[in-house]
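Participant: need coordinates for the following:
(one chain, ligands or ions: 1)
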Amino acid sequence: MNKPLSVDANGKLRIPSVEELGFDPQALRRKYDAERDRRVRPEGAAQYHDIEDDLAHGNDDPHVSERIVREPVHETVEVAILGGGFGGMLMAARLQEAGIRDFRVIERAGDFGGTWYWNRYPGAQCDVESYIYLPLLEETGYMPKEKYSFQPEILEHARRIGQHYDLYPRSYFQTQVREQRWDDDAAEWVITTDRDDVIRARHVVVSSGSLNRPKLPGLPGLNTFKGHVFHTSRWDYDYTGGNPLGGLDKLSDKRVGIIGTGATGIQCIPHLGKAAQHLYVFQRTPSSIDLRRNSPTDPDWWRSQKPGWQKERNDNFTKLLVGVPVEEDLVNDGWTEIFKSLGQLQDSTGAIDLNDEELKLLGEIVDFQHDERIRARVEAEVKDPDTAEKLKHWYRPWCKRPCFNDEYLPTFNRDNVTLVDTSDFGGVERVTEKGVVVGGVEYELDCLIFATGFEVSRATYTRQADLEIIGRDGVKLGDHWAQGMRTYQGLMAHGFPNCYHMGFTQTGYTPNFTYMLNNQSLHLAAMLADAQARGILALEPTQQAEADWLALVTAPNAMTEYLANCTPGYYNAEGNAKANNDGFLQGHYPEGGLAFYEMLDAWRASGDYEGLAIRR
Ligand code: NDP
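Facilitator: Model (predicted):
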């Protein structure tokens, strides 16, 4: 299985036989297609509802005990940063390093941390290595406890950054920006909030998060349910007992149902299985679950790292993702294994030039090998063959977020845990007073938990951020992007001067979100410092530059084809990858994350602000 490919005497790729591979690629392809087809729902993303539509208080902050009382502020700053997650914090840190100290961070939550503030469900853990995921480790001198950090440590690190960079006195928490409106005469944004603040800012950086707005599956009857309900990103520990590390002691007499088995579901299900009287896991599509292989940090290894190591390690990880050769795989985990296998197999063919078709086939076989290994794990871990069969995924690795967990699969060996496969019915069908219905069977529950993810559509960006951005000539960003996001370099939009967006906004993709946010903050901080030094009042992409960028990032490519063949999910716009380019893995810089940031560095170094109109 390890070396299935070879080259014949004429240098042509020889496709191995079914016996050599240990599986039949054609049969697998048919199986994947069939599994995708039965999951596609005609409503696509419209099957989901905003959490507030179905649960009146479902989006409230469960983590604040007291509302901060303060007077409204009226002030003018150089930069306003909307969002106090890692993106906003990195922006603040990098601005200070670039010499800009006149900024404010405005955050809806009660503290820094963003996604790690909200997502405190039991078992919450970052599945990207802590040494590359936790930002500013060298600057703050912090050594993560383990290779993969759990949520409490990550939230604590966010607070550490807040203290280290003295961000607390310059931040407004529990404050929701309602509107930012461009004042063209003053060349400033006017920001208003739910605290009646009026904050004027030359520049605004929006870092509102890519996965911030919880969504529900739009189930009829939810409002009739008499039991307890919440979304995983608003975990109710008053009800369950315990904390993010587990110990949900109040569930011992409760029948609990959880809908969703994505990256979130698979982390909290082991804790629910341990604690609940009975747990029903309502699964529509299984995740692929590889080993976690967590380990404590070796202090000697840690001390041996040379300055600049974190960037080097991050670059190494990102290079592997895009197939740039590296001497050593520094992170060496489940992610890099997925990236590396194609390169290794290509090498094993004798480094011949493969045409596009051969490369596609090679990629598919490598993916099938990976998937077969994951499916074999399910059989080895789950005792009941019928349950094991239902837990096997039938789609390629980048169709859904790859997951890593050592406790998830064995949870299904517990007598008090039942897997309910909803895939024949398009998911859970409806909710009653007593519980949920699947295939005409009612499952009675005391508590229903939605691990159903977040709204992902760039067309509804401002709605997700719960904020209206009104640019030059009174144009709303929501209207400008009604047919889909349009940006220049993924960071700015025509008609919206001095407004910058951080995140997956037509930028360069990497699974390590903080790599992206760090590079974006470094770029923006250097650019704003330069603009300030040159006396520039406003920067705005030209219409042409925006149109050219849009054409570049939305041109169909190999990834469009790949995603179109995937089972539906938010990576492929719920099965509509070809129709609207709105999937999470779509609309990015075609050459990948590494090349994107190199391009930005070169663009900045040239000093001529190509593509931007400048007002002095
Ligand atoms: P996802 O969107 O990935 O998963 C939602 C789940 O709900 C899916 O299993 C989906 O099934 C299921 N679902 C939706 N509607 C229904 C229905 N009607 N009936 C039954 N099931 C339904 O959300 P997550 O919160 O799991 O993850 C979101 C993202 O958050 C991740 O992809 C990742 O980027 C991030 N994350 C990162 C972590 C990290 O370690 N860094 C940890 C956790 C999350 P289906 O697949 O069939 O649509």
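Participant: next SSE after the top helix by length along the chain?
Facilitator: In the chain, with assignment by DSSP state H, the single longest helix is helix 356-381. Going down the chain from helix 356-381, the next helix or strand is helix 385-390, by DSSP states H and E.
Participant: what is the mean pLDDT for the very next helix or strand once past that following helix?
Facilitator: Per DSSP H and E, the first helix or strand lying C-terminal to helix 385-390 is strand 403-404. Taken as a whole, strand 403-404 has a mean pLDDT of 96.
Participant: and strand 403-404, which strands flank it?
Facilitator: Sheet pairing of strand 403-404 (DSSP bridges) gives strand 289-290 (parallel).
Participant: the ligand contacts on the stretch 101-250 of the chain?
Facilitator: 125-128, 211, 217 (Cβ under 6 Å from any ligand atom). All C-beta atoms are positioned from the backbone trio N, CA, C, and that covers glycine.
Participant: now for the residue lying closest to residue 97 once chain neighbours are set aside, how many residues are close by?
Facilitator: Distance criterion Cβ to Cβ, 6 or more residues apart in numbering; nearest residue to residue 97, sequence neighbours excluded, is residue 525 at 6.8 Å. If you count neighbours by other Cβ atoms under 10 Å, residue 525 ends up with 23.
Participant: okay, and for the stretch 401-550 of the chain, where does confidence drop off?
Facilitator: In the predicted model of the stretch 401-550 of the chain, residues 458-459 satisfy pLDDT under 70.
Participant: all helices of it, in order?
Facilitator: In the stretch 401-550 of the chain, the segments counted as helices under DSSP state H, counting those that start in this stretch are 408-411, 461-464, 477-480, 513-533, 543-554.
Participant: if we can go back for a sec, tell me the buried residues in the longest helix of the chain?
Facilitator: Residues of helix 356-381 classed as buried: 358, 361-372, 374-375, 377-378, 381 (neighbour count, 16 or more other Cβ atoms under 10 Å).
Participant: which bits of the chain sit near the ligand?
Facilitator: 39, 125-128, 211, 217, 259-265, 282, 284-285, 401, 422, 427-428, 451-454, 569-570.
Participant: low pLDDT regions in this structure?
Facilitator: 1-8, 11-13, 341-353, 458-459.
Participant: pop the domain breakdown of it in here.
Facilitator: Per the record, the chain has its domains at 1-46+216-293+333-453, 74-213+456-555+590-615, by automatic domain parsing.
Participant: most tightly packed of the ones you listed?
Facilitator: domain 74-213+456-555+590-615 (a mean of 20; mean count of other Cβ atoms under 10 Å).
Participant: pick out the residue of the stretch 451-600 of the chain closest to the ligand.
Facilitator: The minimum distance from the stretch 451-600 of the chain to the ligand, using Cβ to the nearest ligand atom, falls at residue 453 (2.5 Å).
Participant: might one say that that residue is in contact with residue 261?
Facilitator: No: between residue 453 and residue 261 there is no contact under Cβ atoms under 8 Å: 10.8 Å.
Participant: from the residues of the chain next to the ligand, which ones fall inside strands?
Facilitator: Using DSSP state E, the subset of these located in strands is 259, 282.
Participant: so which elements touch the longest helix of the chain?
Facilitator: For helix 356-381, the packing partners by 3 or more Cβ pairs under 8 Å, 6 or more residues apart in numbering; DSSP states H and E come out as strand 13-14, helix 18-21, helix 25-39, strand 289-290, helix 334-348, helix 385-390, helix 408-411.
Participant: list the contacts for residue 578?
Facilitator: By Cβ atoms under 8 Å, 6 or more residues apart in numbering, the contact list for residue 578 reads 556, 560, 564.
Participant: run a quick neighbour tally on the last one.
Facilitator: In other words, residue 564. 17.
Participant: for the second one, same thing?
Facilitator: Here the neighbour count serves as a burial measure; for residue 560 (other Cβ under 10 Å) it reads 18.
Participant: I'd like to know how many residues surround the residue lying closest to it once chain neighbours are set aside.
Facilitator: The shortest distance from residue 560 to any non-neighbouring residue, by Cβ to Cβ, 6+ apart, is to residue 577 (5.7 Å). Counted by other Cβ under 10 Å, the residues lying close to residue 577 total 24.
Participant: my read: residue 577 touches residue 567, true?
Facilitator: No: using Cβ under 8 Å as the test, residue 577 is too far from residue 567 to be in contact (11.5 Å).
Participant: who's in contact with the strand or helix carrying residue 614?
Facilitator: Using DSSP H and E, residue 614 falls within strand 612-615. Strand 612-615 has contacts (Cβ under 8 Å, 6+ apart) with 187, 488, 492, 497, 536-542, 545.
Participant: what segments of the stretch 1-150 of the chain are strands?
Facilitator: Here the stretch 1-150 of the chain has its strands, by DSSP state E, counting those that start in this stretch, at 6-7, 13-14, 49-50, 74-82, 103-106.
Participant: would you reformat those as a markdown table and include distance to residue 442?
Facilitator: As requested, these are exported to a markdown table (distance: least, Cβ to Cβ, whole Å):
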| stretch | distance to residue 442 |
| --- | --- |
| strand 6-7 | 56 |
| strand 13-14 | 54 |
| strand 49-50 | 22 |
| strand 74-82 | 44 |
| strand 103-106 | 46 |
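Participant: I'd like to know which of these lies nearest to residue 591.
Facilitator: strand 13-14 (25.1 Å; Cβ to Cβ).
Participant: follow-up on the earlier one: possible to save the helices and strands packed on helix 356-381 as a markdown table with distance to residue 74?
Facilitator: Formatted as a markdown table, those follow (distance: least, Cβ to Cβ, whole Å):
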| stretch | distance to residue 74 |
| --- | --- |
| strand 13-14 | 68 |
| helix 18-21 | 69 |
| helix 25-39 | 52 |
| strand 289-290 | 52 |
| helix 334-348 | 47 |
| helix 385-390 | 59 |
| helix 408-411 | 51 |
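Participant: to residue 116, which of those lies closest?
Facilitator: helix 334-348 (19.3 Å).
Participant: could you report the distance from the residue of the stretch 1-150 of the chain found nearest the ligand to residue 292?
Facilitator: Residue of the stretch 1-150 of the chain nearest the ligand, by Cβ to the nearest ligand atom: residue 127 (3.3 Å). To residue 292, residue 127 is 8 Å away according to Cβ to Cβ, to the nearest Å.
Participant: and for the two, which residues touch both?
Facilitator: 148, 404.
Participant: list the contacts for residue 80?
Facilitator: 103-104, 106, 180, 189, 191, 199, 201, 203-205.
Participant: looking at those, which one is closest to residue 475?
Facilitator: residue 180 (12.9 Å).
Participant: ends of stretch 158-171, how far apart?
Facilitator: End-to-end distance for stretch 158-171: 14 Å, by Cα to Cα, to the nearest Å.
Participant: now do stretch 166-175
Facilitator: End-to-end distance (Cα to Cα), stretch 166-175: 19 Å.
Participant: how far out from the middle of the chain is it?
Facilitator: 25 Å (Cα atoms, centre = their mean, to the nearest Å).
Participant: what's next to that stretch, contact-wise?
Facilitator: 61, 64, 67-68, 73, 84, 89, 92-93, 103-112, 161-162, 193-195, 197.
Participant: hmm, 7 Å instead?
Facilitator: 64, 67-68, 84, 89, 92, 103-111, 162, 193-195, 197 (Cβ atoms under 7 Å, 6 or more residues apart in numbering).
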